[in-house]
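Participant: sequence first, then the predicted structure:
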Amino acid sequence: DFALAVLAGRGFTVLAAERTLLRARIIAITTAISIFSLTIVAVTILRPGEFHLARQIPVTLLRAPELFVPIVMAAVSAYALWLFVRGKRGATVMVLAVLVFDLAVWGQSSGWFVESPHSSDSYFSQPETIGALNEIAPPDKASFRILTAPHQFDPAVAPVPPSVSHSTDWVLWTQPDIYMTHGFQNAAGYDGFGLARYSRLAGRMKVWGELTDPDTTLRGDSREIDLANVRYLLSMRKQSGADTSARAFANAEQKFSDYLFAANDLPISRISRDKQLNFSVPPVEVDRVALITNLAWSENVPDNTPVATLRLHFADGRTSDFDLKAGKDTSEWAYDRADIRARIRHRRAAVAASYQVMDAQGSYDAHTYVTAVALPAPAKITGGEILPKSDSKWPDLTLSVFRISLVNAADNTTNALSEAMFSINQASDTGTSSNRWKLATQTQYVDVWENATAMPRVWLASQTVALNEPATLNVIRSGRFADGSEWNPATTALVESPLINLAQSSAGGDAAITRYEPGRIDIRTKSNAPSVLVLSENHYPGWRAYVDGRFAETLRVDYNLRGVQLGSGEHRVEFIYRPKSVIIGFAISALVLLILAFASTQTVEARINRFRANKK
């Protein structure tokens, strides 16, 4: 921004140089004041509503540099620009110094360090996994993707751990994405923009490439990463001799109501009718179990209705079930949102903690709730499960479990469960994942699994079903339509609205990529009936489709993939990236260059004329 301001100030000065020095200085002062004023407005009035400091401290110059450094730099920049326009000695050096310092400060604060990479860094050498992939993968690297997972994975052992980033090996991370430098496209955040729709499509993926709920995404009937063309999954290899069964209780140091809990919430996704929460603990005697939870999509649940079962396993082999009830033990997280409060059918349970939420419905307090389930008599337990209850009147109900503590009131002890004690089991898992995944190869630290159900990079679908966004995601994540019938993405494309001139048929077809470049993809197709071409690439503004040289509408298929409708026969399809923003930016840049060239020409002519006049 400062560099652009300097160029603008210099351009204004050139245009005004042959008029009056006073006018040039006025323009320079105006530019400098504008820079300073806009910066102040940007960090105050225009500051994003969700902006917050990373620490709870008073906002001062030294303690909140993210707010005050831009203002200081703007003031220094304005002063340097003023000196530059006035032609003061050393002003050019000062301008460059301010620019370099500004970029260095930004680089340090954003993680782009000014120091050069070291020769020992992983992206200067070929990781062992690259060699392993080169041996087993097809030679055409544009025909498949990989997915790096920073946790262990075994399809024969349920469940998959939550996404907790255990890996210390850079080859499983995406910052930087080492595999891209070797030609392997990584579906773990492979799109650097962190697109929201891609995140939802690819297993609710976090911006740095982790799956929010790997168990749901990698096991069962989910087709999420299949659509992303993921043929190989790279996960942490279990090291021999490592004791992964050692599980210690967390420190019980934070009090809610009358009970102590661990200091931090568990990194566990919401559980619903097709998932259950399991926990395993060293044998410990307790007389009650304290929980912090909340519900979602529960406004139709009447008061005192069981919404989940807490099942406890005892050291003597017995099990006991206890109901968790709406209004008594837990409640809707958005209970105080105006529209929900007006129709909710159960009480608000005892609040553990509240936090403010601002969304399209306005500002309101959201809650977590605390409860304790009392045992008939003290007993030694070894684990248990929490199983949500389903009902057709509230089919989307989910339960979030944030913390659990095992309490023994007799000796006043509390054992807070730690993250390592929990796992989520896909209740609908029927063992299909063991047929889906095959161990292709191993390196010293990484397992490489091959996905037998991965979709190709491009294919033809002869049938379509029009669904809204939530319904489309449900079909993709379950592998089934609402009526229970199986969804086959190879033959049926999910679209946003019905397509005309497309007869539903079972005819097949062939599609092959003939050219694959960052800004262009060419495809040859052949089919006996009209079909929809599906390309496993993000549907993104700026991509244009051409069929046999003619412009065609680009469809959003399977929630966020790129597609185009085709007739029967052979076709040549081209996807070309031509965003309007680039075209407009090029036009503006060309116009500015012409203005500057004209102004420079006028200045040179004026100086030549003045030189000639002085000679006379």
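Facilitator: That came through fine.
Participant: C-alpha from now on. contacts and neighbour counts both.
Facilitator: Noted.
Participant: what about whichever helix or strand residue 76 is part of, distance to the chain center?
Facilitator: Here residue 76 sits within helix 65-86, counting by DSSP states H and E. Centroid displacement of helix 65-86 relative to its chain, using C-alpha atoms, centre = their mean, to the nearest Å, is 35 Å.
Participant: quick one: mean pLDDT over it.
Facilitator: Mean per-residue pLDDT for helix 65-86: 77.
Participant: could you point out which element follows that helix?
Facilitator: helix 91-110.
Participant: ok, then the element right after that next one?
Facilitator: Following helix 91-110 in sequence, per DSSP H and E, is helix 128-136.
Participant: quick one: average confidence on the helix or strand that that next one is followed by?
Facilitator: Per DSSP H and E, the first helix or strand lying C-terminal to helix 128-136 is strand 145-152. Mean per-residue pLDDT for strand 145-152: 89.
Participant: show me what whatever helix or strand comes next after strand 145-152 is in contact with.
Facilitator: Sequence order places helix 196-201 as the next helix or strand after strand 145-152, per DSSP H and E. Applying C-alpha atoms under 8 Å, 6 or more residues apart in numbering, the external contacts of helix 196-201 come out as 205, 206, 207, 224, 225, 473, 538, 559, 560.
Participant: mind putting the residues you listed into CSV with secondary structure?
Facilitator: Putting these into CSV (DSSP: H, G, I helix; E, B strand; the rest coil) gives the following:
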residue, secondary structure
205, coil
206, coil
207, coil
224, helix
225, helix
473, helix
538, strand
559, coil
560, coil
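Participant: can you list those in CSV and add pLDDT and distance to residue 371?
Facilitator: Below are these laid out as CSV (pLDDT from 0 to 100; distance: C-alpha to C-alpha, whole Å):
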residue, pLDDT, distance to residue 371
205, 86, 32
206, 81, 31
207, 77, 34
224, 94, 36
225, 94, 38
473, 94, 34
538, 93, 44
559, 96, 39
560, 94, 41
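Participant: now, among those residues, which is nearest to residue 257?
Facilitator: Compare each of the contacts of helix 196-201 with residue 257 using C-alpha to C-alpha and the shortest gap goes to residue 206, at 33.1 Å.
Participant: residue 209: which element?
Facilitator: Using DSSP H and E, no helix or strand contains residue 209.
Participant: burial measure for it, as a count.
Facilitator: 27 (other C-alpha atoms under 10 Å).
Participant: got the phi/psi numbers for it?
Facilitator: phi 100, psi 0 (degrees, to the nearest 10).
Participant: does it really touch residue 177, like I thought?
Facilitator: No - contact criterion C-alpha atoms under 8 Å: residue 209 and residue 177 do not qualify, at 9.9 Å.
Participant: need the contact list for residue 147.
Facilitator: 186, 187, 188, 230, 232, 233, 234.
Participant: min pLDDT across these, which one?
Facilitator: Scoring the contacts of residue 147 by pLDDT puts residue 188 last, at 88.
Participant: please enumerate the helices of the protein.
Facilitator: Using DSSP state H, the helices assigned to the chain run over residues 2-16, 21-42, 65-86, 91-110, 128-136, 196-201, 214-218, 224-227, 338-341, 432-436, 469-478, 580-615.
Participant: next one: the fourth one to chain centre, how far?
Facilitator: For helix 91-110, the distance from its own C-alpha centre to the chain's C-alpha centre is 32 Å (C-alpha atoms, centre = their mean).
Participant: how about the CA coordinates for it, as CSV?
Facilitator: C-alpha atoms of helix 91-110 as CSV (Å, rounded to 0.1, in the frame of the first residue of the first chain):
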residue,chain,number,x,y,z
ALA,A,91,14.2,11.5,0.8
THR,A,92,14.5,8.6,-1.7
VAL,A,93,16.7,6.7,0.7
MET,A,94,14.1,7.2,3.5
VAL,A,95,11.3,6.1,1.2
LEU,A,96,13.1,2.8,0.4
ALA,A,97,14.1,2.3,4.1
VAL,A,98,10.4,2.7,5.2
LEU,A,99,9.3,0.3,2.5
VAL,A,100,11.8,-2.3,3.5
PHE,A,101,11.1,-1.9,7.2
ASP,A,102,7.3,-2.1,6.6
LEU,A,103,7.7,-5.3,4.6
ALA,A,104,10.0,-6.9,7.2
VAL,A,105,7.7,-6.1,10.1
TRP,A,106,4.8,-7.6,8.1
GLY,A,107,6.8,-10.7,7.2
GLN,A,108,7.8,-11.3,10.8
SER,A,109,4.3,-10.9,12.2
SER,A,110,2.8,-13.2,9.5
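Participant: give the buried residues for it.
Facilitator: By 16 or more other C-alpha atoms under 10 Å, the buried positions in helix 91-110 come out as 91, 92, 94, 95, 98, 99, 102, 106.
Participant: show me where the stretch 51-200 of the chain dips below the pLDDT cut-off.
Facilitator: Along the stretch 51-200 of the chain, the parts satisfying pLDDT under 70 run over 51-67, 107-118, 120-122, 157-171, 173-176, 189-194.
Participant: that older thread, just put the contacts of helix 196-201 in JSON lines and tack on neighbour count and distance to residue 408.
Facilitator: Output for those, formatted as JSON lines (neighbours: other C-alpha atoms under 10 Å; distance: C-alpha to C-alpha, whole Å):
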{"residue": "205", "neighbour count": "25", "distance to residue 408": "39"}
{"residue": "206", "neighbour count": "18", "distance to residue 408": "38"}
{"residue": "207", "neighbour count": "19", "distance to residue 408": "41"}
{"residue": "224", "neighbour count": "25", "distance to residue 408": "44"}
{"residue": "225", "neighbour count": "26", "distance to residue 408": "45"}
{"residue": "473", "neighbour count": "19", "distance to residue 408": "44"}
{"residue": "538", "neighbour count": "19", "distance to residue 408": "53"}
{"residue": "559", "neighbour count": "24", "distance to residue 408": "50"}
{"residue": "560", "neighbour count": "24", "distance to residue 408": "51"}
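Participant: of these, which is the nearest to residue 119?
Facilitator: Of those, the one sitting nearest to residue 119 (C-alpha to C-alpha) turns out to be residue 207, at 27.7 Å.
Participant: and the gap between the closest one and residue 583?
Facilitator: For residue 207, the distance to residue 583 equals 29 Å [C-alpha to C-alpha, to the nearest Å].
Participant: next one: residue 84
Facilitator: Applying C-alpha to C-alpha to residue 84 and residue 583 gives a distance of 33 Å.
Participant: go on, residue 422?
Facilitator: In terms of C-alpha to C-alpha, residue 422 sits 52 Å off from residue 583.
Participant: and what of residue 100?
Facilitator: 30 Å.
Participant: ok, now residue 34?
Facilitator: With C-alpha to C-alpha as the criterion, residue 34 and residue 583 are 28 Å apart.
Participant: the two: which is more packed in?
Facilitator: residue 34 (15 against 11).
Participant: buried sites along stretch 312-332?
Facilitator: 312-315, 323-332.
Participant: tell me how far that stretch is from the chain's mean position?
Facilitator: 34 Å.
Participant: ranges for the strands of the stretch 201-350 of the chain?
Facilitator: 230-236, 254-256, 259-261, 275-296, 306-314, 319-325 (DSSP state E, counting those that start in this stretch).
Participant: format these as CSV; extra columns: distance to residue 528.
Facilitator: Conversion of the strands of the stretch 201-350 of the chain to CSV gives the following (distance: least, C-alpha to C-alpha, whole Å):
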stretch, distance to residue 528
strand 230-236, 28
strand 254-256, 66
strand 259-261, 64
strand 275-296, 43
strand 306-314, 52
strand 319-325, 57
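Participant: of these, which is nearest residue 414?
Facilitator: Across the strands of the stretch 201-350 of the chain, closest to residue 414 is strand 259-261 (C-alpha to C-alpha), at 6.7 Å.
Participant: packing partners for the closest one?
Facilitator: For strand 259-261, the packing partners by 3 or more C-alpha pairs under 8 Å, 6 or more residues apart in numbering; DSSP states H and E come out as strand 254-256, strand 398-408, strand 413-416.
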